[in-house]
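J.: this one's structure only:
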């Protein structure tokens, strides 16, 4: 059990240091800081709910994570437009993070399943496939392709089980 947990932690660490994950993290943080700072300067003095930078940060984090408590909301038109952009950005970022996580998490498992198939295909290509002498070259190639496809289908059936 502990070995499995360590393996998953190692995979998660590899995901968190992946360049795409880091890029999206920095991009999301930069957008959040820009939006929070802008809303703070736009709303301070006009919005009774935004009195400190922390109030603006609270609004920004709850908006980008799509939690949106509604306890702090912008009152200016530009502030609301920034909020709309932040909501959209949050949704896109979290969908992207999920896609990266799933892709990188399953990548090794898929590779482990594909490598034996590739080896078998290479062996089939090297083997002398018994084909009748009188058959044209195109038909021989078709038989080879059918044999490869049959092997792939058998492997896929085993994977589905």
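T.: Noted; the coordinates are in hand. No experiment lies behind these values; they were computed from the predicted model shown. Numbering: from 1, shown residues only.
J.: where does the closest residue to residue 47 other than its chain neighbours sit: helix, strand or coil?
T.: In this structure, residue 47 finds its nearest non-sequential neighbour in residue 75, 4.8 Å apart by C-beta to C-beta, 6 or more residues apart in numbering. Backbone N, C-alpha and C define where each C-beta goes, glycine included. At residue 75 the chain is in coil, as set by DSSP: H, G, I helix; E, B strand; the rest coil.
J.: least confident secondary structure element in this protein?
T.: Using mean pLDDT, DSSP states H and E, the weakest-scoring helix or strand in the chain turns out to be helix 137-160, at a mean of 80.
J.: so how far is that one off the chain centroid?
T.: 32 Å (C-alpha atoms, centre = their mean, to the nearest Å).
J.: report all helices and strands that the strand or helix carrying residue 62 contacts.
T.: Using DSSP states H and E, residue 62 sits in helix 53-64. On a contact count with 3 or more C-beta pairs under 8 Å, 6 or more residues apart in numbering; DSSP states H and E, helix 53-64 meets helix 19-43, helix 77-126.
J.: low-scoring pLDDT stretches of this structure, where are they?
T.: 123-136, 161 (pLDDT under 70).
J.: go again using 80 as the cut-off
T.: 1, 11, 105, 108-109, 112, 116-143, 159-161 (pLDDT under 80).
J.: go through the least confident helix or strand of the chain and flag the buried ones.
T.: 147, 148, 155 (16 or more other C-beta atoms under 10 Å).
J.: ok, which of the helices and strands packed on helix 53-64 comes nearest residue 11?
T.: helix 77-126 (6.3 Å; C-beta to C-beta).
J.: so what does the closest one touch, helix or strand wise?
T.: helix 2-16, helix 19-43, helix 53-64, helix 137-160.
J.: buried residues in the third one, which are they?
T.: Read it as helix 53-64. So for helix 53-64, counting by 16+ other C-beta under 10 Å, buried means 55, 56, 57, 58, 59, 60, 62, 63, 64.
J.: just send these back as a markdown table, with distance to residue 81 too.
T.: Compiled in a markdown table, the buried residues of helix 53-64 are given as follows (distance: C-beta to C-beta, whole Å):
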| residue | distance to residue 81 |
| --- | --- |
| 55 | 19 |
| 56 | 15 |
| 57 | 19 |
| 58 | 19 |
| 59 | 14 |
| 60 | 14 |
| 62 | 17 |
| 63 | 12 |
| 64 | 15 |
